[in-house]
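> Return atomic coordinates for the entry below.
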Amino acid sequence: MGIKVCLEEVLKDRGMTSKELCAQVGITEANLSILRSGKAKGVRFGTLNRICYFLHCDVGDILKFDGELEVPNEK
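Here you go, the predicted structure:
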């Protein structure tokens, strides 16, 4: 994949539910679920800023590089 999303682990460490985070950040549970699952194709810096603010964490706590190069499928 290239980038791994570790949001589930950070939520658990902070003792916060995804529903609570959604309410604070102002995003839908569906969109947070897509991000948590690693299926999101992108995330806005503003959203990432709010997630980090309310979880009291750094971007590097949420997003990790797995050492692999993600190459889009060629058609």
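> Follow the chain on from the helix ranked longest in the chain and name the next helix or strand.
When the chain is parsed with DSSP state H, its longest helix is helix 45-55. If you walk from helix 45-55 toward the C-terminus, the next helix or strand you reach (DSSP states H and E) is helix 59-62.
> can you list the residues that contact that next one?
5-7, 10, 48, 51-52, 55 (C-beta atoms under 8 Å, 6 or more residues apart in numbering). Every C-beta, even on glycine, is put in place using the N, C-alpha and C of the backbone.
> Could you point out the member of those residues that lies closest to Met16?
Leu55 (6.9 Å; C-beta to C-beta).
> What count of nearby residues applies to that closest one?
19 (other C-beta atoms under 10 Å).
> which residues of this protein score low on pLDDT?
Low-confidence segments of the chain (pLDDT under 70): 1, 74-75.
> Let me have the contacts of helix 59-62 in TSV, extended by distance to Gly38.
As requested, the contacts of helix 59-62 are exported to TSV (distance: C-beta to C-beta, whole Å):
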residue	distance to Gly38
Val5	5
Cys6	9
Leu7	9
Val10	14
Leu48	15
Ile51	15
Cys52	18
Leu55	17
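> If any of those residues are buried, put those into a ChimeraX selection.
Of these, the buried ones can be selected in ChimeraX as follows, counting by 16 or more other C-beta atoms under 10 Å:
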select :5,6,7,10,51,52,55
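> could you measure Thr17 against Val71, distance?
36 Å (C-beta to C-beta, to the nearest Å).
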